[in-house]
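1. 3D, please:
(one chain, ligands or ions: 1)
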Amino acid sequence: MARVVLNQVSKRFSDTVAAVSELNLEVADREFLVLVGPSGCGKTTTLRMIAGLEEVSSGEITIGDRDVTHVSPKDRDIAMVFQNYALYPHMTVRRNMSFGLRLRYGGNFIFRMWRRWNDAESAARREEQFRQIPQRVDQVAGTLGIGKLLDRYPRELSGGERQRVALGRAIVREPAAFLFDEPLSNLDAKLRVEMRRELKELHRRLGATMIYVTHDQVEAMTLGDRIAVMDQGVLQQVGPPSEVYHKPANRFVAGFLGTPGMNLLEGKLVEENGRLQFRSGGIALEMSANQRPEWEPSSSRTIVLGVRPEAILLTEEPSPGCLPAGRGQVELVESLGDVAYVHIRLPGLPDAGDQAPRITAKATISADGLTDRLTPLAFREEGLHWFD
Ligand code: ATP
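-> Below is the predicted model of the structure:
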């Protein structure tokens, strides 16, 4: 069992810097959990506290059934893979991969003699493990496709190969849990996609607990069984990727996930002549009964409507499940080939000037020629989110 539990864990570097605040997180045995959030949100600090490389200021950490809060890193039975690979430059790949095991089962001559004299049975077991190291390294190298690189030095490897060696070094140790700190960020885009697939496959095959830190939401969404979104040291939401994407707990999560992020429009809910409208700037959305937010209409309360870019249609043809949202001025179209991001300025209030609200739609139809034109807008009802 390699369940990892963080109970009210905090880290303060000084009176003014609270890197992580009262974090409660439970990573199930064999789960792939991704910690994601913007730069400086406390992801790496959290991972380093799990690894024991950083002392907690308060709270407890357990791995399996063991409280490891004050246990040294080498005794936590975890392996960490870093962004910069952290390979020993003067050792071959084989030596890099076997180094940790040699330390664990080997040791110098005097230490081995002392162990034999002290507990012959356990010393024999360790020596057997020590003899098996080359086999284990060969086997893991084979799995990762780096068998031919075992006698090379790190400087003779490409970035992707170095990353595989770093992974291999972690795998041979057969730890209870793997910790990854942005391990793919030094690779080019194509290799990153390839390694992402390999990591996912590796997780399936090894059946190990993995905790993975990234600021890249695509990595988070594709790799994680669950993702934990952090901001300013505070956990915002944790859940399966599709749940966090489709049911964001707050505005931060809504805006952080998705490319581009969710559009957020501030406005008021108004009821007039029995009709309910959401008014934001110069647009008024007629709410249908099943789209009614949970709040009562009020001219003094500001609420926020969230609309995913893919839930915005550039059409005026009425269709079921869509709310007409007036017209907007297209300011810019970014074409990505299969889709285009259409940046639209909504009609503001008369004195709004440059403050007029803007939204981005994701169009799968050709958006060429839309720039500087007025476009009709409709919001898919199922893609609407309300925030207080
Ligand atoms: P990034 O994605 O940029 O690596 P992160 O989410 O991993 O960011 P952390 O490295 O955990 O963020 O840092 C969280 C906060 O703690 C930041 O404000 C950072 O400046 C601060 N911090 C991290 N390490 C230290 C340190 N050793 N001393 C003082 N402050 C630190």
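
2. Can you tell me which residues in the protein are near the ligand?
-> 13, 17, 19, 37, 39, 40, 41, 42, 43, 44, 45, 215 (Cβ under 6 Å from any ligand atom). Just so you know, the C-beta spots here come from the backbone N, C-alpha and C atoms, and that holds for glycine as well.

3. So which of these are in helices?
-> In helices, judged by DSSP state H, the following of the residues of the chain next to the ligand are found: 43, 44, 45.

4. Spit out the contact partners of the first one.
-> When you say that, I think you mean residue 43. Counting by Cβ atoms under 8 Å, 6 or more residues apart in numbering, residue 43 touches 35, 36, 37, 213, 214, 215, 230.

5. ditto for the second one
-> Residues counted as contacts of residue 44 (Cβ under 8 Å, 6+ apart) are 181, 213.

6. Burial check on residue 20, number of neighbours?
-> By other Cβ atoms under 10 Å, 27 other residues sit near residue 20.

7. So residue 168: helix, strand or coil?
-> Using DSSP: H, G, I helix; E, B strand; the rest coil, the structure places residue 168 in helix.

8. hey, where'd the strands end up in the stretch 251-388 of the chain?
-> Ranges of strands within the stretch 251-388 of the chain are 263-272, 275-280, 283-286, 298-307, 312-313, 322-335, 340-345, 358-363, 374-380, 384-387, based on DSSP state E, counting those that start in this stretch.

9. residues making contact with stretch 71-78?
-> By Cβ under 8 Å, 6+ apart, stretch 71-78 touches 2, 50-53, 63-64, 68, 175-179.

10. List only buried entries from the residues you listed.
-> Among the contacts of stretch 71-78, those classed as buried by 16 or more other Cβ atoms under 10 Å are 2, 50, 51, 52, 63, 64, 68, 175, 176, 177, 178, 179.

11. hey, where'd the strands end up in the stretch 1-150 of the chain?
-> All strands of the stretch 1-150 of the chain, identified by DSSP E, counting those that start in this stretch, fall at 4-12, 18-27, 32-36, 58-63, 66-67, 78-81.

12. Identify, out of those, the most deeply packed stretch.
-> Mean neighbour count (mean count of other Cβ atoms under 10 Å) peaks for strand 32-36 among the strands of the stretch 1-150 of the chain, with a mean of 25.

13. related to what we said a few turns ago, dump the buried ones among the contacts of stretch 71-78 into CSV; add pLDDT as well.
-> Listed next are the buried ones among the contacts of stretch 71-78 as CSV, based on pLDDT from 0 to 100:
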residue, pLDDT
2, 90
50, 97
51, 94
52, 95
63, 95
64, 92
68, 95
175, 89
176, 88
177, 93
178, 94
179, 95
